[in-house]
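In: Pasting the sequence and the predicted model now:
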Amino acid sequence: MTRHFLKDDDLTPLEQEAILERAIKLKSDRYSERPFEGPQTVAVIFDKTSTRTRVSFAVGIADLGGVPLILDTAVSQLGKKESVADTAKVLERQVSQIVWRTYAQSGLEEMAANSSVPVINALSDSWHPCQLLADLMTIREQFGKTKGLKLAYVGDAANNMANSYLVACALAGMSVSVAAPEGYLPDESVVARAREIAAMMGGVVEVTTDPREAVLGANVIATDTWISMGMEEEAERRKADFAGFSVDQKLMDLASPDAVFLHCLPAYRGFEVSAEVIDGPRSLVWQEAENRLHAQKALMAWLAEQN
């Protein structure tokens, strides 16, 4: 059966750990693995604009000996004149893996159901699992481990990043505390799944509307933009709704003395995070951004072995 990576818990805790260890090795010896030697082609499909995802996958596929085939749906048939299922059947005969940055999770599920080659979720409205592999790799580099640490996520928790933080960090043996205003709290089914995993892995999952409570004792504080693509018309209302949820130095000072800051980018200084924090000594955002490359290479190499 073909292995895909559509959401964070498509990996077991042991598989996640193995990929993170592999990513750290690939970072130190960048060209040591060449699973796409040939070269084989990997399709990288974009429904949304992208900087980090496009660059990290294109560079990573080349590092692994392959050729990235970048497809923008604005100039392809996908979802217009040709169904997702039919597209999958065409691509599987010509490429080794399919990477897709899209909107609905259901599209990725349909692609995977009709593909004999691995499908990777490079971002959907529901999950951002590749970002979490990079974040967990960054945490391991900083602390030498993930198990037993606490991550606090502050801001819009009714989104893909909060979902992935809850589940991926629980898989890594971390405790997770999420703080968001009423109306922006995470989906209850995602929280329930994270708590189920955390109970097995020794962590705790908490959800609150008080950011000060959430960050107490946290080793990592993370946030995301309040205004994602497609939400521009809601900008003013969201700025008002998230008043008090900006990660500033006062909030960082309530966390553990060794606490670091993460943000998947792009960031809006003065909104979800202050310039003092994101540009300060406790910010790991540039290391985190680089680690998208190494974590995704490890994932693609691992998937190549499974299939």
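Out: Thanks, I have it. Note that the coordinates shown come from a computational prediction; the quantities given were computed from them, not determined experimentally.

In: does residue 255 belong to a helix or a strand, and which?
Out: For residue 255, there is no host helix or strand (DSSP states H and E).

In: Need the contact partners of stretch 273-292.
Out: Outside of stretch 273-292, the residues that reach it under the criterion C-beta atoms under 8 Å, 6 or more residues apart in numbering are 23, 27, 52-53, 56, 130-131, 134-135, 137-138, 141-142, 223, 246-249, 252, 259-265, 267, 269. Where C-beta positions appear, they are placed from N, C-alpha and C, glycine not excepted.

In: Out of those, list just those in strands.
Out: Residues from the contacts of stretch 273-292 lying in strands, with DSSP state E as the criterion: 223, 260, 261, 262, 263.

In: Run through the stretch 51-200 of the chain and note the low-pLDDT ranges.
Out: Within the stretch 51-200 of the chain, the ranges that satisfy pLDDT under 70 run 75-77, 79-80.

In: before we move on, the earlier item: would JSON lines of the ones in strands among the contacts of stretch 273-292 with distance to residue 236, neighbour count and pLDDT be doable?
Out: Below are the ones in strands among the contacts of stretch 273-292 laid out as JSON lines (distance: C-beta to C-beta, whole Å; neighbours: other C-beta atoms under 10 Å; pLDDT from 0 to 100):
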{"residue": "223", "distance to residue 236": "19", "neighbour count": "29", "pLDDT": "98"}
{"residue": "260", "distance to residue 236": "31", "neighbour count": "23", "pLDDT": "98"}
{"residue": "261", "distance to residue 236": "26", "neighbour count": "22", "pLDDT": "99"}
{"residue": "262", "distance to residue 236": "27", "neighbour count": "26", "pLDDT": "99"}
{"residue": "263", "distance to residue 236": "22", "neighbour count": "25", "pLDDT": "98"}
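
In: Break the protein down into its structural domains.
Out: Recorded structural domains for the chain (assignment: automatic domain parsing) are 8-128+292-306, 131-288.

In: Now, of the contacts of stretch 273-292, which are buried?
Out: Among the contacts of stretch 273-292, those that count as buried by neighbour count (16 or more other C-beta atoms under 10 Å) are 23, 27, 52-53, 56, 130-131, 134-135, 137-138, 141-142, 223, 246-247, 252, 259-265, 267.

In: one step back: let me have the domains of the chain in JSON lines, adding distance to residue 1 as columns.
Out: Converted to JSON lines, the domains of the chain look like this (distance: least, C-beta to C-beta, whole Å):
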{"stretch": "domain 8-128+292-306", "distance to residue 1": "9"}
{"stretch": "domain 131-288", "distance to residue 1": "21"}
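
In: Among those, which comes closest to residue 2?
Out: The minimum distance between residue 2 and these falls on domain 8-128+292-306, with 5.6 Å, by C-beta to C-beta.

In: quick one: the closest one to chain centroid distance?
Out: Relative to the chain's own centre, domain 8-128+292-306 is displaced by 13 Å; criterion: C-alpha atoms, centre = their mean, to the nearest Å.

In: ends of it, how far apart?
Out: Distance between the two ends of domain 8-128+292-306: 17 Å, counting by C-alpha to C-alpha, to the nearest Å.

In: in the chain, which spans are strands?
Out: Counting by DSSP E, one finds strands in the chain at the ranges 41-46, 67-72, 97-101, 119-123, 150-154, 175-179, 205-208, 220-223, 260-263.

In: okay, these in TSV with distance to residue 284 next?
Out: Formatted as TSV, the entries for those read as follows, by distance: least, C-beta to C-beta, whole Å:
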stretch	distance to residue 284
strand 41-46	26
strand 67-72	27
strand 97-101	23
strand 119-123	20
strand 150-154	12
strand 175-179	18
strand 205-208	23
strand 220-223	9
strand 260-263	5
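
In: between these, which one is nearest to residue 295?
Out: strand 119-123 (11.5 Å).

In: Residue 10 reaches residue 4, doesn't it?
Out: Yes: taking contact to mean C-beta atoms under 8 Å, the distance of 6.5 Å between residue 10 and residue 4 places them in contact.

In: out of the two, which sits in the busier spot?
Out: residue 4 (23 against 16; other C-beta atoms under 10 Å).

In: check contacts around that one.
Out: Taking C-beta under 8 Å, 6+ apart, one finds 10, 112, 115, 118, 119, 120, 303 in contact with residue 4.

In: quick one: it from residue 195, how far?
Out: When C-beta to C-beta, to the nearest Å is applied, the distance between residue 4 and residue 195 equals 25 Å.

In: Might you list the low-confidence residue ranges for the stretch 201-307 of the chain?
Out: For the stretch 201-307 of the chain, the stretches flagged by pLDDT under 70 are 228-232.
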